[in-house]
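Quick one, what's the 3D model for this:
(one chain, ligands or ions: 1)
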Amino acid sequence: MMLMALTILSAVSARTVAQAAEDSGTSLRGIHEIQVTLRKYEFSPGLLRVRKGERVKLVMAAADHDHGLKLDDFDINQKIPKGTTVVVEFIADKAGTFQFRCSSVCGLGHRNMKGTLVVED
Ligand SMILES: [Cu+2]
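The predicted model follows:
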């Protein structure tokens with residue numbers, strides 16, 4: 001049984017995260033890093049593909065407004081303030097197709113700001 005590990009690191013640079021991982025002796029191999037830009041009203045890219053068992057590192061930048069990432073299946077609900085980059089890490093420990101959406105009301109199209117995570121077996 002794989003232990004679900006969720007680390008939310010707010011507003012720190014990728015370099016800081018990498019350094020922290022090295023300091024703790026954690027191998028960085030096997031980390032699947034994906035850069036995601038959030039703007040009205042889309043995630044770019046809107047389709048994220050990873051493999052089951054990977055440690056996924058989402059580096060998310062909110063370009064034009066406060067946005068958020070809500071991915072219920074992996075217990076993630078993270079705000080990304082306008083102009084900042086926020087890193088979220090999780091283990092893709094189950095296969096399937098999962099929906100995520102913006103969790104910070106950002107305007108008229110907010111409810112349609114969605115994306116899809118595909119975890120392949
Ligand atoms: Cu929104």
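
For Val118, list the residues it contacts.
Val118 sits next to 47-50, 96-98 when contact means Cβ atoms under 8 Å, 6 or more residues apart in numbering. In this view, the C-beta of every residue, glycine as well, is placed from N, C-alpha and C.

Of the residues you listed, which count as buried by neighbour count?
Among the contacts of Val118, the ones that count as buried by 16 or more other Cβ atoms under 10 Å are 48, 50, 98.

tell me which of the residues you listed is nearest to Ile91?
Distance ranking of the buried ones among the contacts of Val118 against Ile91, using Cβ to Cβ, places Val50 first at 10.1 Å.

the helices in the protein, which residues?
With helices called from DSSP state H, the chain shows them at 14-23.

circling back to that earlier point, could you dump the contacts of Val118 into CSV and include pLDDT and distance to Leu108?
Conversion of the contacts of Val118 to CSV gives the following (pLDDT from 0 to 100; distance: Cβ to Cβ, whole Å):
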residue, pLDDT, distance to Leu108
Leu47, 98, 23
Leu48, 98, 25
Arg49, 98, 30
Val50, 97, 31
Gly96, 98, 31
Thr97, 98, 27
Phe98, 98, 26
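
Columns distance to Val87 on top of these, output as a markdown table?
Listed next are those as a markdown table, based on distance: Cβ to Cβ, whole Å:
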| residue | distance to Val87 |
| --- | --- |
| Leu47 | 20 |
| Leu48 | 15 |
| Arg49 | 19 |
| Val50 | 15 |
| Gly96 | 23 |
| Thr97 | 24 |
| Phe98 | 19 |
